[in-house]
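Colleague: Fold the stuff below for me.
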Amino acid sequence: MKNKLYIVATPIGNLGDISKRIADTLSEVDFICCEDTRVTGNLLKHLKITKELISFNAKSETKKIGYVIERIKKGESCALVSDAGTPGISDPGIRLVNTAINEFIEVVGIPGPNAAILALSISGLPTESFVFEGFIPQKKGRQKKLKELAEEKRTIILYESVYRIEKLLNELSEYMPERFVVVCRELTKKFEEYWRGFPSQLIDEMESKTVKGEFVVVIASLGWKEKE
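Modeller: Numbers count the residues shown, from 1 in each chain. As a prediction, the model looks like this:
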């Protein structure tokens, strides 16, 4: 495992989704770069693994890339993980991967959970062609992005937080009122839920509930009809 960078997916909720290969890799590397040492520390505790953790998030990524790369070049192995899911997908890590490649360090992917693909697979919406947009801009550029997405013909996958999910549904009702939507909450967790319908229908349904957690929003391809 020397001189390698491992990109390791971790559970998005249910710890039962940890594969043997994921556990073995985390156990065998020399150190782990992670978004939040507390979150990854709890995961390692569950796996009964003790390992050096380096905080590696959006704020510290640029400053620590050189340090991580130098250690790998000297013979160590590193695993990159995010708080949940596959690293680099709306999470830090791509700069580290690019730097490793440019330094001729072998990058090895250890596959596992991904909220976007999971939501798409259970949405019942067209999967043959889709676009993943992650979190759209919170303020500047948000309306422009929504107008662009309204013209997108493929199925669209978005991430959204509990603080803006109702705002997003209202925006979809304005920009894409005729496109069917599937909203997934807390995927693989105890309170996993789904809502299906047109944006205006989902607004009414969610206003009557207290919702928490993280959301994946899947928007049907342009012109798709339910029960097509």
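Colleague: only C-alpha atoms for contact and neighbour calcs from this point on.
Modeller: Fine.
Colleague: And Leu158, how far from Ile110?
Modeller: Counting by C-alpha to C-alpha, to the nearest Å, the gap from Leu158 to Ile110 is 24 Å.
Colleague: Just the terminal-to-terminal distance for stretch 105-122.
Modeller: 37 Å.
Colleague: quick one: contacts of it?
Modeller: Counting contacts by C-alpha atoms under 8 Å, 6 or more residues apart in numbering, the residues outside stretch 105-122 that touch it are 3-12, 17-19, 21-22, 72-73, 85-86, 97, 100-101, 127, 132, 157-159, 184, 187, 216-218.
Colleague: Of the residues you listed, select the buried ones using a PyMOL command.
Modeller: Here is the PyMOL command that selects only those of the contacts of stretch 105-122 that count as buried (16 or more other C-alpha atoms under 10 Å):
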select buried, resi 3+4+5+6+7+8+9+10+11+12+18+19+22+72+73+85+86+97+100+127+132+157+158+159+184+187+216+217+218
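Colleague: Go through the contacts of stretch 105-122 and flag which are in helices.
Modeller: Judged by DSSP state H, those include 21-22, 72-73, 97, 100-101 as members of helices.
Colleague: now the lowest-mean-pLDDT helix or strand in the chain, how far from the centre of its chain.
Modeller: Least confident helix or strand of the chain, by mean pLDDT, DSSP states H and E, is helix 199-207 with a mean of 89. Distance, stretch centre to chain centre, for helix 199-207: 24 Å (C-alpha atoms, centre = their mean, to the nearest Å).
Colleague: ok, and for it, which residues are buried?
Modeller: Residues 199-203 are the ones in helix 199-207 that count as buried (16+ other C-alpha under 10 Å).
Colleague: Look at the residue lying closest to Ala84 once chain neighbours are set aside and report its pLDDT.
Modeller: Leaving aside its sequence neighbours, Ala84 sits nearest to Ile12 (C-alpha to C-alpha, 6 or more residues apart in numbering; 4.5 Å). Predicted confidence (pLDDT) at Ile12: the value is 95.
Colleague: Which strand residues bridge Ile219?
Modeller: Ile156, Val181 (DSSP bridges).
Colleague: That one touches Phe180, doesn't it?
Modeller: Yes: using C-alpha atoms under 8 Å as the test, Ile219 is close enough to Phe180 to be in contact (6.1 Å).
Colleague: When those two are compared, which one has more neighbours?
Modeller: When neighbours are counted by other C-alpha atoms under 10 Å, Ile219 comes out ahead of the other of Ile219 and Phe180, with 29 against 22.
Colleague: Quick check, pLDDT for that one.
Modeller: 98.
Colleague: what's the answer for Thr62, then?
Modeller: 89.
Colleague: host element of it?
Modeller: Element membership for Thr62, per DSSP states H and E: helix 61-73.
Colleague: now Ser90
Modeller: Assessed by DSSP H and E, Ser90 sits outside every helix and strand.
Colleague: Give the closest residue to it in space, chain neighbours not counted.
Modeller: Of all residues not flanking Ser90 in the chain, Gly134 sits nearest, at 5.9 Å (C-alpha to C-alpha, 6+ apart).
Colleague: Following element in sequence after the helix holding Thr62, please.
Modeller: Downstream of helix 61-73 (by DSSP H and E), the next one is strand 78-80.
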